[in-house]
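**Q** here is my input, please return the structure:
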Amino acid sequence: MTRMNYIFNRVGTIRYEISKTLLPEERKLPLEENKLRKLLLFLDDKCEYCRLNKIGKTGDHFYPMIVKKRPGNYCDDAWNRIPCCSTCNSSKGGTEWKQWIGNVLQTKQTCKQPPKGCKNPLYQLSISELKELYGRFKIYDGVMRYYCQKRKPSDFVFYDKKMVLVTDFLSKLQDNVVEYVIERDKNDEEDDDDEDKVENKDEDEDVVINAFSGLKM
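**A** Sure, this is the predicted structure:
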């Protein structure tokens, strides 16, 4: 019944969508903030992280929208969106920038090889380039925290209450579906057994008829 776990696994998608729906309306950055952001980022056609690839269709959330299964503190503000390539975006995922860049820097400083199958473009950078990248985003981080929209405390209270309901509903729904499938399959097996019995009975009757028809009076 492993396939039935798919229902409850959808809780992650619902968690993200509720968190996203609770976001305040995106504000347009004032001219002063736009100028400051342009000083801190390159904002050209190259990835702000690796500077090797062209930026993808979607940017990275500098601070994740979901942190430990709860909404992150920072909104989907322009300050929280970093233009980057799809490979860096996929590699970073829901990891905070310090940990993501720091792990690569630590691995290279200890002369270790990147994890097998790792496609993180940052491993192509030198140690000095990684240090410069870390320092640049450390400055950006301080400014971003000051200007970026933050969630209201009431959002977290509302979210926690609704997720209890969602989790409970999906859990019960999954149990009901599993019970139905088990009962359905059981009935199908019983129906198959009944059909086999009918077929066997018909075959026995044919044998008897044939046997009698062969007798001579």
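**Q** which stretches in the chain count as helices?
**A** 5-9, 11-21, 31-40, 86-92, 97-109, 127-147, 153-213 (DSSP state H).
**Q** what's the closest of the ones you listed to residue 77?
**A** Of all these, it is helix 127-147 that lies closest to residue 77, at 7.9 Å by Cβ to Cβ. (C-beta placed from N, C-alpha, C; glycine too.)
**Q** between the closest one and helix 31-40, how many degrees?
**A** In terms of direction (axes from the mean of the first three to the mean of the last three Cα atoms, to 10 degrees), helix 127-147 departs from helix 31-40 by 170 degrees.
**Q** could we number from 774 for the rest of this?
**A** With the count now opening at 774, the last piece we talked about shows up as helix 900-920.
**Q** list the buried ones in helix 900-920?
**A** For helix 900-920, a neighbour-count test (16 or more other Cβ atoms under 10 Å) marks 903, 906, 910, 913-914, 917, 920 as buried.
**Q** and that helix, what does it pack against?
**A** Where contact means 3 or more Cβ pairs under 8 Å, 6 or more residues apart in numbering; DSSP states H and E, helix 900-920 is packed against helix 804-813, helix 870-882.
**Q** rewinding a little: between the buried residues of helix 900-920, which is closest to residue 822?
**A** Among the buried residues of helix 900-920, and counting by Cβ to Cβ, the member closest to residue 822 is residue 906, at 7.0 Å.
**Q** hang on, the closest one packs against residue 898?
**A** Yes - contact criterion Cβ atoms under 8 Å: residue 906 and residue 898 qualify, at 7.0 Å.
**Q** quick one: which of the buried residues of helix 900-920 is nearest to residue 799?
**A** Distances from residue 799 to the buried residues of helix 900-920, taken by Cβ to Cβ, are shortest for residue 920, at 13.5 Å.
**Q** mind checking pLDDT for the nearest residue to the closest one once chain neighbours are set aside?
**A** The shortest distance from residue 920 to any residue other than its chain neighbours is 5.3 Å, reached at residue 852 (Cβ to Cβ, 6 or more residues apart in numbering). pLDDT, residue 852: 97.
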